[in-house]
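Visitor: how would this look folded up:
(one chain, ligands or ions: 2)
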Amino acid sequence: MKKPSLYIVIPCYNEQEVLPITAPLFLEKIESLIAQGLCNEESKVLFVNDGSKDNTWNIISDLAKQNSRFKGLKLSRNRGHQNALLAGLMHAKEVCDVTISIDCDGQDDINAMDEMMRQYHDGCDVVYGVRSKRDTDTFFKRVTAEGFYKFMHIMGAETVFNHADYRLMSKRALDGLAEFKEVNLFLRGTVPLVGYKSTSVYYERNERIAGESHYPFSKMLNLALNGITSLSTKPLRYITSIGIIMAFISFLFIVWAVIARFTGHTVAGWTSLVGIMALVGGIQLFCLGIIGEYIGKIYSEVKQRPKFIIEKTTDEE
Ligand code: UDP
Ligand code: MG
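Guide: Numbering: from 1, shown residues only. Ligands and ions are numbered 1, 2, ... in the order given. Sure thing, here's the model as predicted:
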């Protein structure tokens with residue numbers, strides 16, 4: 001088999017402290033992958049500068065001048081991690097056979113790339129890097145991050161547990177991903193929808209080499225909400241269920257209020273007031289849920305997601 005060309009895609013935002021340390025590590029890694037015959041000489045390390053306000057872009061362009069193995073992509077402004085990553089991947093898929101996306105802070109173990117590439121050679125189109133444990137994260141980060149995956153799951157947004165955006169994707173998987181036209185793209189949730197043979201590779205996550213996390217709790221909450229609302233309409237269905245339950249409870253409540261009225265435990269006017277309040281509350285929530293269902297339908301239509309992606313035909317067997 002012809003050796004594939006690999007692009008390692010790395011989004012960077014205000015990473016001037018980290019890049020000079022991690023860039024040589026990425027270089028060393030890609031050279032070793034080439035030496036092992038896992039990818040060919042065309043392989044590159046692609047940095048995506050996500051509108052950094054510091055010296056990041058200068059560092060990237062210097063790296064590219066020094067060594068042709070490095071390449072940089074500059075976004076017009078800061079668009080956030082997900083969009084920066086997507087920009088890198090969409091650029092790379094036109095020129096290479098396989099990509100591995102990773103953060104530039106050295107937290108994800110680059111040595112997992114060897115195994116990822118081996119899995120690719122074994123026929124996998126998507127290989128997820130999954131954290132085996134979170135010892136190096138603070139207690140707060142660990143609890144909130146794991147809560148994040150569980151909450152997403154309850155809300156109907158399927159994601160790979162403890163997998164961030166460290167993953168290998170083949171060109172055809174990226175072509176599939178490109179068919180998802182939605183604006184609010186949440187890669188961790190969308191990539192599994194692309195399909196094809198996939199697997200996971202486990203690694204231990206390190207501490208950030210330098211600089212600070214760009215994902216404080218507020219941003220993580222934002223990512224979770226974005227993930228849920230762009231992947232699932234389950235929350236709307238929950239509202240409908242609550243509405244039905246409320247309507248039922250209010251019915252029982254009315255029966256009780258009427259009984260209380262006739263057994264003389266009430267002041268005049270109380271029964272009707274309580275009854276109307278309970279009934280209207282229940283009906284309102286129920287109606288909101290129904291409206292929500294339709295909004296949910298509109299929402300999924302507007303996205304124009306591909307309904308299928310053809311892997312191959314019998315002619316190609
Ligand atoms: N990043 C980006 N744009 C942003 C924020 C972050 O490209 O607006 C990049 C950042 O440079 C890093 C990756 O996304 O390579 C993950 O960010 P970070 O390490 O801060 O997140 P954490 O690992 O703490 O969740
Ligand atoms: Mg990080």
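Visitor: ok, residues contacting the lowest-mean-pLDDT helix or strand in the chain?
Guide: Sorting the helices and strands of the chain by mean pLDDT, DSSP states H and E puts helix 217-231 at the bottom, at a mean of 76. For helix 217-231, the surrounding residues in contact (Cβ atoms under 8 Å, 6 or more residues apart in numbering) are 140, 144-145, 148, 151-152, 155-159, 182, 184-186, 188-190, 215, 234-235. C-betas here are computed from N, CA, C, even on glycine.
Visitor: can you give me the neighbour number for residue 189?
Guide: Counted with other Cβ atoms under 10 Å, the neighbours of residue 189 add up to 19.
Visitor: now do the host helix or strand of it and helix 217-231, the angle between them.
Guide: Here residue 189 sits within helix 187-194, counting by DSSP states H and E. Orientation note: helix 187-194 sits at an angle of 30 degrees relative to helix 217-231 (axes from the mean of the first three to the mean of the last three Cα atoms, to 10 degrees).
Visitor: buried ones in helix 187-194?
Guide: When neighbours are counted by 16 or more other Cβ atoms under 10 Å, the buried residues of helix 187-194 are found to be 187, 188, 189, 190, 191, 192, 194.
Visitor: re the thing from before, may I see the ChimeraX selection of the buried members of the contacts of helix 217-231?
Guide: The ChimeraX selection below is limited to those of those classed as buried (16+ other Cβ under 10 Å):
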select :144,145,148,151,152,155,157,159,185,186,188,189,190
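Visitor: check the contacts of helix 217-231 against ligand 1, which are close?
Guide: residue 215 (Cβ under 6 Å from any ligand atom).
Visitor: CA atoms only for the helix or strand where residue 99 lies, dumped as CSV, please.
Guide: Residue 99 belongs to strand 98-101 when assigned by DSSP H and E. The C-alpha coordinates for strand 98-101 follow below in CSV (Å, rounded to 0.1, in the frame of the first residue of the first chain):
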residue,chain,number,x,y,z
VAL,A,98,-5.2,11.5,7.0
THR,A,99,-5.2,14.0,9.8
ILE,A,100,-4.6,13.9,13.5
SER,A,101,-6.0,16.8,15.5
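Visitor: quick one: check it for contact with ligand 2.
Guide: No: Strand 98-101 stays out of contact with ligand 2 when judged by Cβ under 5 Å from the ion, the minimum separation being 12.8 Å.
Visitor: how about the longest helix seen in the chain: buried residues?
Guide: The longest helix of the chain (DSSP state H) is helix 270-302. For helix 270-302, the neighbour count (16+ other Cβ under 10 Å) marks 271, 274, 275, 278, 279, 281, 282, 285, 286, 289, 292, 296 as buried.
Visitor: between those residues, which sits nearest residue 4?
Guide: Of all the buried residues of helix 270-302, residue 296 has the smallest distance to residue 4: 40.4 Å, by Cβ to Cβ.
Visitor: doesn't residue 234 make contact with that closest one?
Guide: No: with contact defined as Cβ atoms under 8 Å, residue 296 does not count as touching residue 234 (9.1 Å).
Visitor: could the buried residues of helix 187-194 go into a markdown table alongside distance to ligand 2 and pLDDT?
Guide: Formatted as a markdown table, the buried residues of helix 187-194 follow (distance: Cβ to the ion, whole Å; pLDDT from 0 to 100):
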| residue | distance to ligand 2 | pLDDT |
| --- | --- | --- |
| 187 | 15 | 86 |
| 188 | 14 | 84 |
| 189 | 19 | 83 |
| 190 | 21 | 85 |
| 191 | 19 | 90 |
| 192 | 22 | 88 |
| 194 | 24 | 88 |
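Visitor: so where does residue 166 fall, helix or strand?
Guide: strand 163-170.
Visitor: list the buried ones in the helix or strand following that strand?
Guide: Moving toward the C-terminus from strand 163-170, the first helix or strand encountered (DSSP H and E) is helix 171-178. Buried residues in helix 171-178, counted by 16+ other Cβ under 10 Å: 171, 172, 173, 174, 176, 177.
Visitor: contacts for helix 171-178?
Guide: 89-90, 92-93, 96-99, 125-126, 169, 187, 190-191, 194-196, 306, 309.
Visitor: what's the angle between that helix and strand 163-170?
Guide: Using the same axes, to 10 degrees: helix 171-178 against strand 163-170 is 120 degrees.
Visitor: could you give the mean pLDDT of helix 171-178?
Guide: Averaged over helix 171-178, pLDDT sits at 92.
Visitor: about what we covered before: want to try TSV for the buried residues of helix 270-302, with distance to ligand 2 as columns?
Guide: TSV is the format used below for the buried residues of helix 270-302 (distance: Cβ to the ion, whole Å):
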residue	distance to ligand 2
271	60
274	54
275	56
278	50
279	52
281	45
282	46
285	41
286	44
289	39
292	36
296	34
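Visitor: nearest to ligand 1 among those?
Guide: Set against ligand 1, the nearest of those by Cβ to the nearest ligand atom is residue 296 (29.2 Å).
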